[in-house]
Structure formats: structure tokens, C-alpha cells
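A.B. asks: Next one to model:
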Amino acid sequence: IGQEPSLKSMLCKIRHEVVLLNDLLNKMETEVQQQEKLKNLLKELQKSAERYQNEACHLCENIPSCLPKPTQSCVTGLTMKCGEQAKVTEPECAKKSIKEPRFIKEAALITAEEFESVPA
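C.D. replies: The predicted structure follows:
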């Protein structure tokens, strides 16, 4: 079959194209396997997130007795149901003590050379 020069060159081209196709198929198979791994990891992540959300809702609905009872102004932030997705604002308690903000003095920055020149 491969005796004629025209057929021989044609067979070489076909063989080369088959090798290229095989490489492409191998790359595609690797990519598909990575996508399947990623899909499985995302499913596990989704299950974990749902489990944590259910636990948070359960804790929100069943506050342990050892914790102090929330005041009325603090409860307003917790009236949202578990399934709702909304922006949650931090509740402001009525007995919050009023403190003046403390200002932090600014310090001058020094370079590494200046730091190294400081005696120990």
C-alpha cells in the first residue's frame, strides 16, 4: 500500500494529523476531568454552605438559655426569616455606653537604614 510516492506522502500527512488529533483529544479529556472535579467540589461547597445556613438559622431560632436575653431594640435585627436574603444591619442596643473616640497619634515613618542606625 505505501509503495507509491504520492500515496506515501499522503499517508504521512494523515498519520501526522491523526497524531495531532490524538493530542487534542488527550488535552480535551484532561480538561473534562478537571471540570468534573471542579463541579464536584462546587457541589460539596454548596452542600456545606446550605448546612451552615441551616445551623445558623437553628441557632438564631433556638438561642441557648445561658446567653442573656436580647433587648427589644436588639431583636429588631433578628426578625428576618432564615430563607430571606437581605442586607443585615447590625442592631444598636439601647444601653450602649457613649464613649468619645480615642485618637491615635501619628508616628513618623522611618526607613530601614534609619532603623538600623538606632542604637540597641
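A.B. asks: Can you list the residue ranges for helices in this protein?
C.D. replies: With helices called from DSSP state H, the chain shows them at 5-61, 72-75, 112-116.
A.B. asks: Just name the most buried of those helices.
C.D. replies: Among the helices of the chain, helix 72-75 has the highest mean neighbour count (mean count of other C-beta atoms under 10 Å), at a mean of 12. To be clear about C-beta, it is placed using only N, CA and C from the backbone, and glycine gets the same treatment.
A.B. asks: Go through the helices of the chain and name the closest to E106.
C.D. replies: helix 112-116 (17.0 Å; C-beta to C-beta).
A.B. asks: how about the helices of the chain, which one is nearest R102?
C.D. replies: The nearest among the helices of the chain, by C-beta to C-beta, is helix 72-75 at 25.3 Å.
A.B. asks: can you tell me which of the helices of the chain the model trusts least?
C.D. replies: Least confident of these, judged by mean pLDDT, is helix 72-75 with a mean of 58.
A.B. asks: returning to what we had before: I'd like the helices of the chain laid out as TSV, including distance to E100.
C.D. replies: Compiled in TSV, these are given as follows (distance: least, C-beta to C-beta, whole Å):
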stretch	distance to E100
helix 5-61	34
helix 72-75	22
helix 112-116	34
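A.B. asks: ok, the residue most central in space within the chain to V32 distance?
C.D. replies: Centrality entry for the chain: nearest residue to the mean C-alpha point is L45, 9.4 Å, by C-alpha atoms, centre = their mean. For L45, the distance to V32 equals 20 Å [C-beta to C-beta, to the nearest Å].
A.B. asks: What of F115?
C.D. replies: On the measure of C-beta to C-beta, F115 and V32 end up 55 Å apart.
A.B. asks: next one: T111
C.D. replies: Distance from T111 to V32, by C-beta to C-beta: 54 Å.
A.B. asks: now swap in H16 and tell me
C.D. replies: In terms of C-beta to C-beta, H16 sits 25 Å off from V32.
A.B. asks: ok, now how distant is I110 from F103?
C.D. replies: Distance from I110 to F103, by C-beta to C-beta: 22 Å.
A.B. asks: neighbour count winner among the two?
C.D. replies: I110 (11 against 6; other C-beta atoms under 10 Å).
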